[in-house]
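**Q** Make a model of this:
(one chain, ligands or ions: 1)
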Amino acid sequence: MTANIFNFTISATDGAARRGTVSTAHGDIRTPAFMPVGTAATVKGMTPEAVRETGADILLGNTYHLMLRPGAERVGRLGGLHKFMNWERPILTDSGGFQVMSLNELRKIDENGVTFKSHIDGQRFELTPERSMEIQNHLDATITMAFDECTPYPADHETAATSMRRSMRWAKRSSEAFEARQGYGLFGIVQGSTYEDLRLESVNALTDIGFDGYAIGGLAVGEGQEAMFSTLEVTTPAMLADKPRYLMGVGKPDDLVGAVMRGVDMFDCVLPTRSGRNAQAFTRFGTVNMRNARHADDDRPLDELCECPACRNYSRAYLHHLFKAKEILGATLLTWHNLQYYQDIMRGMRAAIEEGSLASYALDFFAAQENGDIPPL
Ligand SMILES: [Zn+2]
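**A** Numbering: from 1, shown residues only. Predicted coordinates for the structure are as follows:
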């Protein structure tokens, strides 16, 4: 097998869950995989070396933020995003669509693409499928995402259909504009809100175009976990079995476990990093708020089984103190812990799929989450 070819191999399955490897020009991605979000060419508060120590194989970068600052052409001249941010492993960039669409008052959408004003200086930009491919090429993204419209939620059937069909035309233009290179991949994005017929129509349209992987977009936008899972249950069985499936912007720890059991291979989400900066820890016992006064005299670790520096070397009392004193080390340590915990979940699921024991892994996982945090001293 040539190492430099972009491909996906599945080594084990357990129910709908898959244990696989995506091989790329920048190394392998073990799936199921969680991608920490490095919005502006940095995972906030963390060095890339620290992110790697948690076990991440791939990061996500945001096209919208990087095109505005420092600029895609500049990153390209400086050798691409891997070199620029000192992360030599795989990087996936989003298409910019999702963030541009969320600039409600600053944007205009038509068939060609989206025009918008920068949130930084008001300068006018246009983002089209072709420009999005060009930007992601300058950034040297290992995995490029097709340009799409994330359909707002809720949307009636007609609105969702119109939006999805335009995204499918943009997916075709993205595919035509993408510069194929050895070991690099382009993913299409399934849309269609929570409508089964539209999701299936979208899967078929993308499969006809042909992509290296398929993402599921437009979820985790307020529909709730039950609707998200039922949408996955109709969508993933229709997707090509031999290509990676990526659920965009998800999620909480229990979302990850539920989605892997429904056939998803890849995830990204700002929750572990954003929550870490806000004193919220994700743990085996559910979420823990380190600002809570009950930690002030607690010299136990946040989680005695966790191998991250926050848990190995510091007490709950110290972490609590850092947040009360607004010290930046608190954000770094809790981000580190959260990323470690997310990667621990992925490691645990990968091992369970290999053993055919994902169902019992999930039972234990949900039971521990239900039990809640260890009681105060
Ligand atoms: Zn920890």
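
**Q** Torsion angles phi and psi at Asp297?
**A** Phi and psi for Asp297, reported as degrees, to the nearest 10, are phi -120, psi 20.

**Q** quick one: secondary structure of Arg165?
**A** helix (DSSP: H, G, I helix; E, B strand; the rest coil).

**Q** Compute the number of surrounding residues for it.
**A** Other residues near Arg165 number 16, with proximity taken as other CB atoms under 10 Å. No exception for glycine: its C-beta is placed from N, CA and C like everyone else's.

**Q** Next one: it relative to the ion, how far apart?
**A** Going from Arg165 to the ion by CB to the ion, to the nearest Å gives 45 Å.

**Q** Which pLDDT does the model give that residue?
**A** In this prediction, Arg165 carries a pLDDT score of 98.

**Q** Can you name the residues that contact the residue of the stretch 101-250 of the chain at minimum distance from the ion?
**A** Closest approach between the stretch 101-250 of the chain and the ion, counting by CB to the ion: Val250, at 21.8 Å. Listed by CB atoms under 8 Å, 6 or more residues apart in numbering, the contact set of Val250 reads 219-220, 228, 256, 259, 267-269.

**Q** switch the cut-off to 10 Å
**A** Under the criterion of CB atoms under 10 Å, 6 or more residues apart in numbering, the contact partners of Val250 comprise 34, 216, 219-220, 225, 228, 232, 256, 258-259, 264, 267-269, 271.

**Q** Equivalent analysis for Tyr153, please.
**A** 160, 193-194, 218-224, 227.

**Q** returning to that earlier point: which residue packs closest to the residue of the stretch 101-250 of the chain closest to the ion, ignoring adjacent ones?
**A** Ala220 (4.7 Å; CB to CB, 6 or more residues apart in numbering).

**Q** you'd agree that neighbour is up against Met248?
**A** Yes. In this structure, Ala220 is within contact of Met248 by CB atoms under 10 Å, at 7.8 Å.

**Q** Who has more neighbours out of these two?
**A** Neighbour tally, Ala220 and Met248, criterion other CB under 10 Å: the higher count belongs to Met248, 26 against 22.

**Q** picking that back up, doesn't the residue nearest to Val250 lie inside a helix?
**A** No. Read with three-state DSSP, Ala220 is coil and lies in no helix.

**Q** Mind checking which of the contacts of Val250 land in strands?
**A** Among these, the members falling in strands are 34, 216, 267-268 (criterion: DSSP state E).

**Q** The ion: which of the residues you listed is nearest?
**A** Of all the ones in strands among the contacts of Val250, the one with the least separation from the ion (CB to the ion) is Phe34, at 15.3 Å.

**Q** what residues are up against that closest one?
**A** By CB under 10 Å, 6+ apart, the residues touching Phe34 are 54-58, 60, 250-251, 253, 256, 266-269, 272, 339, 342-343, 345-347, 349.

**Q** For those, which PyMOL command selects only the ones that are buried?
**A** Buried residues within these, as defined by 16 or more other CB atoms under 10 Å, are selected in PyMOL through the command that follows:
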select buried, resi 54+55+56+57+58+60+250+251+253+256+266+267+268+269+272+339+342+343+345+346+349
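
**Q** In strands only, show me the contacts of Phe34.
**A** Counting by DSSP E, the part of the contacts of Phe34 found in strands is 60, 266-268.

**Q** give me the subset of those residues touching the ion.
**A** Residues of the ones in strands among the contacts of Phe34 in contact with the ion (CB under 5 Å from the ion): none.

**Q** Turn these into CSV, including pLDDT.
**A** Rendered in CSV, the data for these read as follows (pLDDT from 0 to 100):
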residue, pLDDT
Leu60, 98
Met266, 98
Phe267, 98
Asp268, 98
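
**Q** could you dump these to JSON lines with distance to Gly80?
**A** Written out in JSON lines, the entries for these read as follows (distance: CB to CB, whole Å):
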{"residue": "Leu60", "distance to Gly80": "15"}
{"residue": "Met266", "distance to Gly80": "21"}
{"residue": "Phe267", "distance to Gly80": "24"}
{"residue": "Asp268", "distance to Gly80": "20"}
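
**Q** Give me the secondary structure label for Glu201.
**A** Following three-state DSSP, we place Glu201 in the helix state.

**Q** quick one: the closest residue to it other than its chain neighbours and Cys311, what's the gap?
**A** Residue nearest to Glu201 in three dimensions, not counting chain neighbours: Gly192, with 6.7 Å by CB to CB, 6+ apart. For Gly192, the distance to Cys311 under the criterion CB to CB, to the nearest Å works out to 41 Å.

**Q** the more surrounded of these two?
**A** For Gly192 and Cys311, the more surrounded residue by other CB under 10 Å is Gly192, and the numbers stand at 30 against 24.

**Q** isn't the more buried one right next to Cys150, touching?
**A** No. Shown here, Gly192 and Cys150 do not form a contact pair, counting by CB under 10 Å, at 11.5 Å.

**Q** and the stretch 251-377 of the chain, which of its residues are near the ion?
**A** Proximity of the stretch 251-377 of the chain to the ion (CB under 5 Å from the ion) is limited to residues 306, 308, 310-311, 337.

**Q** got these as CSV, with distance to Leu198 columns?
**A** Rendered in CSV, the data for those read as follows (distance: CB to CB, whole Å):
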residue, distance to Leu198
Cys306, 41
Cys308, 41
Ala310, 43
Cys311, 44
His337, 39
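
**Q** Now go through those and say which are in strands.
**A** Filtering these for strands - DSSP E - leaves nothing at all.

**Q** what's the most distant pair in these?
**A** Cys306 and Ala310 (7.7 Å; CB to CB).

**Q** list the residues that contact both of these two?
**A** Once CB under 10 Å, 6+ apart is applied, the residues that Cys306 and Ala310 both contact turn out to be 281, 336-337, 340.
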